[in-house]
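Undergrad: Provide a 3D model corresponding to the input given below.
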Amino acid sequence: MLTLKKITLIFTLLVASLLAKEVTLNFIHIGDLHGHLIPRDHVTAGDVQVKQGGLAYLYTAIDEVRKEDSDAILVNTGDTVQGGAEALYTRGAAMINVLNHFGIDYGALGNWDHLYGEARTAEIFFNKDKLANWTSLTSNVYSKKTGKTVSKPYEIFTRKGIKIGIIGFTSERPAMAVGPSGFDEVTFTNGDKEFAAHVKTLRPQVDLLVVISELGLAKNIQLAEEIPGVDFIFSSDMHEITTEEVILSNGTVVVEEGQDGTRLGHMKVFMKDNKLAGHAFKMRTIDVNIKPNEKIQALIDKERMKFNSDKEAQKHVSQFSNKALKGDITKTIGKTKIDLHRSNFSDAKEMNAVIEGSSHNFIAEVFRKESGADLGLLRGFRYGTHVKAGDIQREDMFHYIPISPWVGVGKIKGAKLLKYLDKVAYGSLTSDPSNWGGGWHHVVSGLKYSLNPNAKKGEYISDVRVLQDGKYIPFDPNKTYTVAGYTYNEELNKINKIPMEDVTLMVDKDNNPLEAYEVIENYLKSHDANPELNRIKLTEPLLKPTHKNREIQPLH
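TA: Here you go, the predicted model:
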């Protein structure tokens, strides 16, 4: 029987429920665009083989969320202004000129966003009259001169009556591919202290705490597990694809949206009485089945017009090599007999991207063959593109090699090279992401070997054989081998960052140094791309995914 006391209680609860303030926030997440203005092939094993990405297509998907909620918050998490010819030869401006029409609210920088030197980074992202029209947040990059962060580390803002704190992080590894001088004025940290300090400062002040971070999925998960208090982390750097959000035991939710603008993350956040009440996440694949936005496509076409004829393209000069672009980036420069990419997940039957990929194998093989060296070496950079079997365009090579390196040949003792390869394996496969080296396993054309991905440091590599006279024979640790690979004006005594003896540059008939692109184009004039694959044999399988998503680099 209902008593007056019970009726009063029910009435009170009903009124409280009716008066409860319920708000839905919408976050849109993009990241690791890597200079991709237009769609590119997609050939990852087991995925739908349709062109993906393209900023005009990406914008359409963003606009659809905004039609649902005009107050949606758009965040971009790094590695934006590097990755293709248009980005390289405009020092990032081609990407900014398009993205300034996206209505980005906040951005975190990636390590590659610092590629063109700190003065250019400030000019684009930090100065009062900066080129990018969004707010960039960086907690862990400091000016050596002032000791302060190069930009605001965080910001507090209000949306729909909800007080939101947002903290930004750059990758802990500066992109020193072209030499260290670009970072003479700044210091990068691993973000640990800043993460703890800013969470402690902001958590009591805000209703919702968000991190935008280019520290990488594994590192962001590690930090959030050690330092509770963050509600959502929008991550980039590793190019992992979280079709389902990663929910940690302390409630923090982490997502990452792949690379090249091929994925869009949409996070609905439900607030009740200014407290987090739940969320719903959806990742969308961006492909050519989406109708491109006409306004954005016109902006892209305008930027690409500067590069799609020999006359216009040759006006552009690389700041790193001081050489002009050879010509039209849409020109077909050769053919490939196989798909070129480095993108397979860790559970693929062969060619796991963290270990090996056909695109990297191809480039390293070209360096070896064109130089006449014993070996061709290529670092395991994460960026790249996909090229289906068939025509290769000039711009494809700039998505693989967007840094204008020379190709040099040096000498190294076999034992030293093996020690370096083991170090690289550790930096890609160790269970502690704090010790990851910022890339995947390196490629060495002319070598075959076994690799135990679960070994201890110093014990990854075994059964090494070297190509000689068309046959693989035992590798001699005491022998000195010649190695061809990237070298740069600042580091002419190194090949792919490894100190070597007697380094010389590959040159043309007029004794001018050859950029990597030129070496590849020369090769493709008389050869199709058809590199040797599966040179590395895993003695144990890579670890199974830690969470529900397929993984590229095992997260442990």
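Undergrad: what comes into contact with stretch 126-139?
TA: Outside stretch 126-139, the residues within contact range by CB atoms under 8 Å, 6 or more residues apart in numbering are 76, 92-93, 96, 99-100, 104-109, 122-125, 149-155, 166-170, 191, 194-195, 198, 212. No exception for glycine: its C-beta is placed from N, CA and C like everyone else's.
Undergrad: could you redo the last one with a cut-off of 7 Å?
TA: Residues from elsewhere that reach stretch 126-139 (CB atoms under 7 Å, 6 or more residues apart in numbering): 93, 96, 100, 104-109, 123-125, 149-155, 166-170, 191, 194, 198, 212.
Undergrad: same question for stretch 140-147.
TA: With contact meaning CB under 7 Å, 6+ apart, stretch 140-147 is reached by 148-150, 169-170, 172, 185-189, 191, 194.
Undergrad: just the buried residues from these, in ChimeraX please.
TA: Here is the ChimeraX command that picks out the buried ones among the contacts of stretch 140-147, judged by 16 or more other CB atoms under 10 Å:
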select :149,150,169,170,172,185,186,188,191,194
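Undergrad: from the contacts of stretch 140-147, which is closest to E68?
TA: Distances from these to E68 were compared by CB to CB; the smallest belongs to F169, at 28.9 Å.
Undergrad: in the sheet, who's paired with the closest one?
TA: Residues found in beta-bridge contact with F169 (criterion: DSSP bridges) are S213.
Undergrad: roughly how far does the residue nearest to P153 when sequence neighbours are not counted sit from F126?
TA: The spatial neighbour of P153 that comes closest, neighbours along the chain excluded (CB to CB, 6 or more residues apart in numbering), is S139 at 3.8 Å. Remark: distance between S139 and F126 (CB to CB, to the nearest Å) = 13 Å.
Undergrad: does D260 really touch G53, like I thought?
TA: Yes: applying CB atoms under 7 Å as the test, D260 and G53 come out as touching, 4.6 Å apart.
Undergrad: tell me, what's touching those two both at once?
TA: Counting by CB under 7 Å, 6+ apart, the shared contacts of D260 and G53 are H36, R40.
Undergrad: list the residues that contact F362.
TA: Going by CB under 7 Å, 6+ apart, the list of residues near F362 reads L340, A529, P531.
Undergrad: so of those, which ones are in helices?
TA: Applying DSSP state H to these, no entry is found in helices.
Undergrad: how about TSV for the residues you listed, with pLDDT added?
TA: As requested, these are arranged in TSV below (pLDDT from 0 to 100):
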residue	pLDDT
L340	96
A529	98
P531	98
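Undergrad: closest to E303 out of these?
TA: Nearest to E303 among those, counting by CB to CB, is L340 at 24.8 Å.
Undergrad: quick one, domains of the chain?
TA: 34-285, 326-538 (automatic domain parsing).
Undergrad: could you pull out the helices for the chain?
TA: Using DSSP H, the helices found in the chain span residues 4-19, 55-68, 85-89, 93-99, 118-121, 192-202, 217-226, 294-304, 310-313, 358-371, 394-400, 414-429, 516-524.
Undergrad: on that earlier part again, among the contacts of stretch 126-139, name the buried ones.
TA: Neighbour counting over the contacts of stretch 126-139 (16+ other CB under 10 Å) leaves 93, 96, 104-109, 123-125, 149-151, 153-154, 166-170, 191, 194, 198, 212 as the buried ones.
Undergrad: hang on, the earlier thing: from P554, how far off is the residue nearest to P153?
TA: With CB to CB as the criterion, S139 and P554 are 27 Å apart.
Undergrad: the two: which has the busier surroundings?
TA: Taking other CB atoms under 10 Å, S139 and P554 do not tie; S139 has more neighbours (25 against 21).
Undergrad: measure that one to T201 for me?
TA: To T201, S139 is 11 Å away according to CB to CB.
Undergrad: what do you get for S321?
TA: Counting by CB to CB - S321 and T201 are separated by 44 Å.
Undergrad: higher neighbour count, those two?
TA: Neighbours were counted for S321 and for T201 using other CB under 10 Å; S321 has more, 20 against 14.
Undergrad: OK, contacts around the more buried one?
TA: S321 makes contact with S404, W406, E515 under the criterion CB under 7 Å, 6+ apart.
Undergrad: isn't G110 right next to E172, touching?
TA: No: judged on CB under 7 Å, G110 makes no contact with E172 at a distance of 11.2 Å.
Undergrad: and the gap between P499 and H556?
TA: Summarising the geometry, the distance separating P499 from H556, computed by CB to CB, is 31 Å.
Undergrad: find the nearest non-adjacent residue to G439, please.
TA: In space, not counting the residues next to it along the chain, G439 is nearest to G380; the distance is 4.1 Å by CB to CB, 6+ apart.
Undergrad: same check on R535?
TA: Nearest-residue entry for R535: K448, 4.8 Å, with adjacent residues in sequence omitted and distances by CB to CB, 6+ apart.
Undergrad: what sits against the residue nearest to G439?
TA: When contacts are counted by CB under 7 Å, 6+ apart, G380 is found next to S428, G439, W440, H441, H442, V443.
Undergrad: lowest-confidence one in those residues?
TA: Ranked by pLDDT, those bottom out at G439, which has 87.
Undergrad: return the distance of that residue relative to S404.
TA: Using CB to CB, G439 is found at 19 Å from S404.
Undergrad: what about these two, which has more around it?
TA: More crowded of G439 and S404, by other CB under 10 Å: S404, with 24 against 17.
Undergrad: convert the C-alpha atoms of stretch 507-515 to PDB, please.
TA: The C-alpha trace of stretch 507-515 is given here as PDB (Å, rounded to 0.1, in the frame of the first residue of the first chain):
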ATOM      1  CA  VAL A 507      75.400  11.200 -58.600                       C
ATOM      2  CA  ASP A 508      74.200  11.800 -62.100                       C
ATOM      3  CA  LYS A 509      76.300  12.100 -65.300                       C
ATOM      4  CA  ASP A 510      77.100  15.800 -64.300                       C
ATOM      5  CA  ASN A 511      78.200  14.700 -60.800                       C
ATOM      6  CA  ASN A 512      75.100  16.100 -59.100                       C
ATOM      7  CA  PRO A 513      73.800  14.200 -56.100                       C
ATOM      8  CA  LEU A 514      70.700  12.100 -56.700                       C
ATOM      9  CA  GLU A 515      67.600  12.400 -54.600                       C
END
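Undergrad: run through who's touching that stretch.
TA: Applying CB under 7 Å, 6+ apart, the contact partners of stretch 507-515 are S321, K323, S404, P405, W406, V407, L505, M506.
Undergrad: just give me the neighbour total for the fourth one.
TA: The tally of other residues near P405 (other CB under 10 Å) stands at 22.
Undergrad: ok, it to E491 distance?
TA: As for P405, its distance to E491 is 10 Å (criterion: CB to CB).
Undergrad: same question, P39
TA: P39 sits 35 Å away from E491, going by CB to CB.
Undergrad: what bits of the protein have low per-residue confidence?
TA: Confidence mapping of the chain against pLDDT under 70 gives the ranges 1-19.
Undergrad: what about 50?
TA: By pLDDT under 50, the weakly predicted segments of the chain are 13, 15-16, 18.
Undergrad: and stretch 284-304, what's buried?
TA: Within stretch 284-304, judged by 16+ other CB under 10 Å, the buried ones are 284-287, 290, 292-293, 296-297, 299-300, 303-304.
Undergrad: just to revisit the earlier point, just the contacts of stretch 507-515: which are in strands?
TA: Residues from the contacts of stretch 507-515 lying in strands, with DSSP state E as the criterion: W406, V407, L505.
Undergrad: report how many residues lie close to the residue lying closest to the last one once chain neighbours are set aside.
TA: Nearest in space to L505, with sequence neighbours left out and distances taken as CB to CB, 6+ apart, is P513 at 4.5 Å. Per other CB under 10 Å, the neighbour tally for P513 reads 18.
Undergrad: what are the bridge partners for P513, then?
TA: With DSSP bridges applied, the residues forming beta bridges to P513 are V507.
Undergrad: any idea how far V407 is from it?
TA: When CB to CB is the yardstick, P513 and V407 sit 8 Å from each other.
Undergrad: what do you get for S462?
TA: Distance, S462 to V407, by CB to CB: 30 Å.
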